[in-house]
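Asker: quick one, fold the following:
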Amino acid sequence: MDHEDHADYASRLAQTRQRIADLGLDGLLIASQYNRRYLTGLTATDHDITESAGMALVTRGTFGLITSSFTLNGVEDEIKPSGAQPLLTDTDTGANVLARALSDEGGVRRLGFEKDWMSYATYARLRDALGEAVEFTPTDDIIELVRARKDPAELATIRRAADIANRAFAQLLQDIRIGMTEREIAALLERHMVALGADEPSFDTIVACGPGGAQPHWVPSDRAAQRGEPLLVDFGCRVDGYCSDLTRTVVIGEPDEKLREIYDVVRRAQDAGLAALAAGATRGREVDAAARQVIDEAGYGKEFMHSLGHGVGLAVHELPAVSRLRVSTPESEAELAKVEGIEPGVVVTNEPGIYITGWGGVRLEDMIYVGESGPEVLTDRNPQQIISIAG
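Answerer: Numbers count the residues shown, from 1 in each chain. Below you'll find the predicted structure:
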């Protein structure tokens, strides 16, 4: 069964309404496809910011999905468990449908909107339709903070996505040969994930042979894999909407001493991050600092230029932030404590890396579920020594 069959939509809606009220708002207009699905169950995705499949509206008295019959045709059962009411745009604009819904309810004076998910053109149309009676207020992370803690149904689906990625990579290791290009390796891994039951990759697979690995988000090229160089693979898949995300660094043939040394440093840094979680770290920066200290002490601090990790769920990058974030005021510090909060129920990545221009990179990434009794690694961790492929 899909995770939507077991999702506790009532709890999700109640928590969202509470957060809306805590912020002094009368409602929230939801433009994020991830937040829309989380609350309503609608699986339709947005091609880009100009092609939305709809918006969700949450107020004290209304829970609606502003969309068209075209979008709902054949998938009406997706939204029934959530109780979201269709507010159809078949004969009018979404802006006018929204304005009419608020007018019919009455009492909505401050309406929040997700500022990171709305184009200025859409904002302007909505602002004009609402008129002066409604204060249209930008918001951050209202539902994202609810989404950070996974319920049992979500965790079960994330486990499936992680398991498929694990098994697909194990298959890939049997297939890689010297002379295969980065593009070929990436395409093969993605085919393995789909064949094992994934809906699709959760992001464009990264395969970096040798020097390309010095760029953390390298785009696979026609460069062929060579013996003895680091081969970095960052990949994941989507299952029933939920993502996996992991990175492995391997080598065809035997690694030289430099590769062994750098791999060992990255592995020890990852172990330190996991140990911080096991010790009860409550903020992402604490976990990041534990891993970063290992890399700093090994003399590679400048070569680790990204955050240690991030949350994973409906989006491949979501809260909580596992990062060395900086703030300047008490007010922002209070908000930061929320977005980097490590609490039971979150799923985060642990992905230290070292990147050396002209040589390549080593990154190791695993997904971790932070349960009531401590952290659980959801992905197959590499052995302490770098995996050597016969090739």
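
Asker: what comes up buried for the helix or strand of the chain with the lowest mean pLDDT?
Answerer: The weakest-scoring helix or strand in the chain, judged by mean pLDDT, DSSP states H and E, is helix 330-339 (a mean of 80). Residues 336, 339 are the ones in helix 330-339 that count as buried (16 or more other CB atoms under 10 Å). Quick note: C-beta positions are derived from backbone N, CA and C, even for glycine.

Asker: try stretch 276-293
Answerer: 276-277, 281, 283-292.

Asker: what's the span of it from first residue to last?
Answerer: Terminal residues of stretch 276-293 lie 12 Å apart, using CA to CA, to the nearest Å.

Asker: ok, now stretch 110-127?
Answerer: 12 Å.

Asker: and the least confident helix or strand of the chain, what does it pack onto?
Answerer: helix 142-147, strand 318-322 (3 or more CB pairs under 8 Å, 6 or more residues apart in numbering; DSSP states H and E).

Asker: and the ones you listed, which is most packed in?
Answerer: Highest mean neighbour count of the helices and strands packed on helix 330-339: strand 318-322, a mean of 24 (counted as mean count of other CB atoms under 10 Å).

Asker: so how far is it off the chain centroid?
Answerer: For strand 318-322, the separation from the chain centroid amounts to 8 Å (computed by CA atoms, centre = their mean, to the nearest Å).

Asker: before we move on, back to that, so which of the buried residues of stretch 276-293 comes closest to residue 252?
Answerer: The closest of those to residue 252 turns out to be residue 291 (CB to CB; 27.5 Å).

Asker: in PDB, list the C-alpha atoms belonging to stretch 13-20.
Answerer: The C-alpha trace of stretch 13-20 is given here as PDB (Å, rounded to 0.1, in the frame of the first residue of the first chain):
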ATOM      1  CA  LEU A  13      -3.600  19.400   9.800                       C
ATOM      2  CA  ALA A  14      -4.000  20.000  13.500                       C
ATOM      3  CA  GLN A  15      -0.300  20.700  13.900                       C
ATOM      4  CA  THR A  16      -0.300  23.100  10.900                       C
ATOM      5  CA  ARG A  17      -3.300  25.000  12.300                       C
ATOM      6  CA  GLN A  18      -1.600  25.300  15.700                       C
ATOM      7  CA  ARG A  19       1.500  26.700  14.100                       C
ATOM      8  CA  ILE A  20      -0.500  29.100  12.000                       C
END
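
Asker: one step back: tell me the one of the buried residues of stretch 276-293 nearest residue 386?
Answerer: Of the buried residues of stretch 276-293, the one sitting nearest to residue 386 (CB to CB) turns out to be residue 291, at 18.3 Å.

Asker: for the closest one, give me its contacts.
Answerer: Residues near residue 291 by CB atoms under 8 Å, 6 or more residues apart in numbering: 269, 270, 272, 273, 276, 308, 350, 352.
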